[in-house]
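> following is a predicted model, sequence given first.
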Amino acid sequence: RKSKAKKQLTPHQEYEKRQRFLERNRQAASKCRERRKNWISKQDEKMKQEQVMNAELKIECDALNQEVNKLLLILQQHAD
């Protein structure tokens, strides 16, 4: 593999090259922040849905426990 001789750039060319790099970097950082913001938003929405589901399941669990206790009481009364 042949080594390439680095082309000498003028200070103005170096400056322009640096500016292009910085602009691409700014755009990439902005895109990254936007993706992260969207991801966090989706995670918040999922969390809210899971909290609602959890509350509903707790209510159902309490109702089923009450029914079990009621049936155990009826069974105990019949056993006596």
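Thanks, I have the structure now. These numbers were taken from a predicted model, which means no experiment stands behind them. Residues are numbered from 1 along each chain as shown.
> does the most centrally placed residue in the chain belong to a helix, a strand or coil?
Among the residues of the chain, the one closest to the centroid is Gln43, at 3.7 Å (Cα atoms, centre = their mean). Under DSSP: H, G, I helix; E, B strand; the rest coil, Gln43 falls in the helix class.
> how about the one 5 residues further on?
Going by three-state DSSP, the secondary structure assigned to Lys48 is helix.
> could you do Lys6 as well?
Assignment for Lys6 (three-state DSSP): coil.
> tell me how many other residues crowd it.
Neighbour count for Lys6, taken as other Cβ atoms under 10 Å: 6. Yep, even glycine has a C-beta here, placed from its N, CA and C like the rest.
> can you count the residues close to Ile74?
10.
> so it versus Asp80, what's the distance?
11 Å (Cβ to Cβ, to the nearest Å).
> do the same with Val52
43 Å.
> these two: which is more packed in?
Val52 (10 against 4).
> which element, helix or strand, includes that one?
helix 11-79 (DSSP states H and E).
> packing partners for that helix?
Contacting helix 11-79 under the criterion 3 or more Cβ pairs under 8 Å, 6 or more residues apart in numbering; DSSP states H and E is no other helix or strand.
> point out where this protein drops to low pLDDT.
1-5 (pLDDT under 70).
> what about 80?
Within the chain, the ranges that satisfy pLDDT under 80 run 1-6, 80.
> burial count for Leu72?
10.
> let me fix that, I meant to ask about Lys37.
Neighbourhood size, Lys37 [other Cβ under 10 Å]: 10.
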